[in-house]
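> Next comes the sequence, and after it the predicted model I'd like to discuss.
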Amino acid sequence: MIIMPLGVGGAFTSRFYHNNYIFDLNGITLLLDAGTTLRDSLGASDIEVCDIDYVFITHFHFDHVGGLEELLMKRYWRFVDNEHAPLKLNVIVHETQVNLYHMLLQPGLSNQGLTLNDYCEFIVLPESNSLHLNGYEISLTDISDLHVKGMKSFAVKILETNSKKNILFTSDIKFLTNSNFIEQINENTCAIFQDISFTENQAHSTLNEVLSYYPKRFHNKIYAMHYCDDIESYTYVIQQANINITIQGKPILIE
């Protein structure tokens, strides 16, 4: 599995792009989150709009979903040899997110005689279900209210079905102790992509909270993401914590 951090920054970053990731699953491309900066972060990478096969939005803050409508429109208004050649996007949706997608996308896309179905295929996952893609199992964990109160949110686990190697993508979360992430990880866990704030924050886990929550043997599996623009100020702290940090535009190979 190859993971490309399109961006690594928080919602109000002025230095980095928003915290969105591309997962290459044996040739199938999965985009996790599509923040407002997606136009620029894709442009800075080697990944084209039409290279993306699937997308999943972890929650509906603008830095995670603000670029989705444009992504869908660019794929629909695609032309090949001057012929209209729309390319639908597969959108993985938890059943509790369906209404949120309609509220977000219908005003901009359901016009000119078109509906959302002209732009994308919704793959709706019921509670406790998962999706199998090219030798991988994608499963969702409901972490609603653990980022901010009233926010429907999900973490994502990606399991390689043969080797049982897996990664956990936490998305944004504050109240780690109320999650079941400990039950999600095991000795086959290769990486934990963890939302980490290096200052006190009401909506994101602090480094101390992360280190206290996960057993020490997993600390070197943690990849800090969604961090502040002055991240270099915390280089020593990161080294002492024995964690990793995602770097914008630098692919991560999970073997």
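That came through, no problem.
> ok, now which ones touch the residue nearest the centre of the chain?
In the chain, the residue lying closest to the centroid (Cα atoms, centre = their mean) is Leu32, at 3.0 Å. Contact analysis of Leu32 by Cβ atoms under 8 Å, 6 or more residues apart in numbering lists Asn20, Tyr21, Ile22, Phe23, Val55, Phe56, Thr58, Val156, Phe169. For every residue, glycine as well, the C-beta is placed using N, CA and C.
> got a list of what the fourth one touches?
I take that to be Phe23. Phe23 sits next to Met1, Ile2, Ile3, Met4, Thr29, Leu30, Leu31, Leu32, Ile158 when contact means Cβ under 8 Å, 6+ apart.
> Please list all residues in contact with the third one.
With contacts taken as Cβ under 8 Å, 6+ apart, Ile3 has the following neighbours: Tyr21, Ile22, Phe23, Asp24, Ile167, Ala191, Phe193, Pro251, Ile252, Leu253, Ile254.
> rerun that using 6 Å as the cut-off
For Ile3, the contact set (Cβ atoms under 6 Å, 6 or more residues apart in numbering) comprises Tyr21, Phe23, Ile252.
> of these, closest to Tyr136?
Phe23 (8.6 Å; Cβ to Cβ).
> picking up where we left off before, mind putting the contacts of Phe23 into TSV with pLDDT?
Output for these, formatted as TSV (pLDDT from 0 to 100):
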residue	pLDDT
Met1	93
Ile2	96
Ile3	98
Met4	98
Thr29	98
Leu30	98
Leu31	98
Leu32	98
Ile158	98
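> so which of those is the most crowded?
Of all these, Leu31 has the most neighbours under the rule other Cβ atoms under 10 Å, reaching 27 neighbours.
> those helices in the protein, which residues are they?
38-43, 62-65, 68-76, 98-109, 181-184, 207-213, 235-241 (DSSP state H).
> Which of those sits closest to Tyr119?
Taking Cβ to Cβ, helix 68-76 is the member of the helices of the chain nearest to Tyr119, at 4.2 Å.
> Just name the most buried of the helices of the chain.
Comparing the helices of the chain by mean neighbour count (mean count of other Cβ atoms under 10 Å), helix 62-65 comes out on top with a mean of 22.
> which other residues reach that helix?
Contact partners of helix 62-65, identified using Cβ under 6 Å, 6+ apart, comprise Ala11, His18, Asp33, Gly35, Thr36, Ile57, Thr58.
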